[in-house]
Structures are given as structure tokens and as C-alpha cells.
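>>> predicted model and sequence below, questions to follow.
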Amino acid sequence: MKDKILAFWQQRNYAERRTIMIAGTLLMTALLYVFIWHPLTQEQQRLRTVLPQIRATTAQMHHQATAINHLRNVPQKNFNANIREALEKAAVISALGSPFQQTLLDNRHAKITINAIAFDRWIEWINILQSEQGVRIESAEIVTLTEPGIVKIQATLSSPASR
């Protein structure tokens, strides 16, 4: 094989050899560009776009991990397991002002109905229930009334020991 190529090359005159060498060089350059240089530059552009997003996500994950570790070290509050007492205590703390009807499903679950309450007052009361008493909303139906900002609430709440 080598002999055949060498014989082919020696049979060519100087101009043909020069043309073959230039064509070979151009062909090699084109192949290097198409199969190596161009894909590398495309990947570099993609990484320039994606890498900042990945770095931001990583930074956010590190921040969240720090927050999780901090929360793990915070001592747990000892919440009242009796939901009736929790509801009444939160109503006193927030000065709820609107009477509510409660139906105890058991010691840890209750359905409440508030016929008319300002939505902001409801949010404030729920915030106190969650942060101070550990009570969570399992389901809630909020209906707007004709007066602006006033709503009717029907909700099912659970105390922390039921979760």
C-alpha cells in the first residue's frame, strides 16, 4: 500500500504535487473546522448561557441548605394538641372579633365557619394559629361577600399531633 502511494506521488509532476498538497491542506482544515472547532465553539456558547443559571441555582441551594440546618437546630415548640383550646387561644391573641362556629371532628380536627370577617383579619388569625399553636389548614373555602374585603370562611383545621 505504501509503495503504491509512493509510486503515485513520484509519477506526478511538481504542479500536480503542489495542487494535491494545497487541496489536502484545505480538506484537512475544513474537516478540522467542521468536526472539531465548530462543535467546540457551539458548546462554549451554550455553557456561557447555562453556567450562570447553574451557579445561581447552586447558590440558592446552598442558601436553602443553610436555612434548613438552622431550622433543624431551632428547638421545637411544644404545641397544644387540643384543637379547641388552640382555636380559642388564637382568637383571644388576635382579638378576632368575629364569632366563629366550630365543630370538633375529634381532639385534633375541627371544622370552623365564620360568616363574615375581613380577609386581612382571617389571614392574621391563621398566621397566629400556625405560628403560635401549630394548627394547619387542611382545606378552606373562602367566599367573597358584597361588602369589599369581607369574606365567609369554611375551613377544616388540624392540630400538630395529627400530622
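Received it, and whenever you're ready, just let me know what you need. The structure displayed is predicted, hence computed values, not measured ones.

>>> show me the shaky parts of this protein.
74-81, 91-98, 161-163 (pLDDT under 70).

>>> what about the longest helix in it?
What stands out as the longest helix in the chain, according to DSSP state H, is helix 38-73.

>>> distance from that helix to the middle of the chain?
13 Å (C-alpha atoms, centre = their mean, to the nearest Å).

>>> what does stretch 11-27 give?
With C-alpha atoms, centre = their mean, you get 61 Å for stretch 11-27.

>>> quick check: buried residues in it?
Under the neighbour-count criterion of 16 or more other C-beta atoms under 10 Å, stretch 11-27 has nothing buried. Yep, even glycine has a C-beta here, placed from its N, CA and C like the rest.

>>> then that stretch to PDB, C-alphas only?
Listed next in PDB are the C-alpha coordinates belonging to stretch 11-27 (Å, rounded to 0.1, in the frame of the first residue of the first chain):
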ATOM      1  CA  GLN A  11       4.600   9.900 -11.100                       C
ATOM      2  CA  ARG A  12       3.200  13.400 -10.600                       C
ATOM      3  CA  ASN A  13       5.000  16.500 -11.700                       C
ATOM      4  CA  TYR A  14       5.700  19.400  -9.400                       C
ATOM      5  CA  ALA A  15       2.500  21.300 -10.300                       C
ATOM      6  CA  GLU A  16       0.300  18.300  -9.600                       C
ATOM      7  CA  ARG A  17       2.100  17.600  -6.300                       C
ATOM      8  CA  ARG A  18       1.600  21.200  -5.300                       C
ATOM      9  CA  THR A  19      -2.100  21.100  -6.200                       C
ATOM     10  CA  ILE A  20      -2.600  17.900  -4.300                       C
ATOM     11  CA  MET A  21      -0.800  19.300  -1.200                       C
ATOM     12  CA  ILE A  22      -2.900  22.500  -1.300                       C
ATOM     13  CA  ALA A  23      -6.100  20.600  -1.700                       C
ATOM     14  CA  GLY A  24      -5.200  18.200   1.100                       C
ATOM     15  CA  THR A  25      -4.300  21.100   3.400                       C
ATOM     16  CA  LEU A  26      -7.700  22.800   2.600                       C
ATOM     17  CA  LEU A  27      -9.500  19.500   3.100                       C
END
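
>>> contacts for that stretch, please.
Here stretch 11-27 makes contact (C-beta atoms under 8 Å, 6 or more residues apart in numbering) with residue 9.

>>> ok, residue 1 to residue 8 distance?
11 Å (C-beta to C-beta, to the nearest Å).

>>> quick one: secondary structure of residue 110?
Here residue 110 takes the strand state, with states given by DSSP: H, G, I helix; E, B strand; the rest coil.
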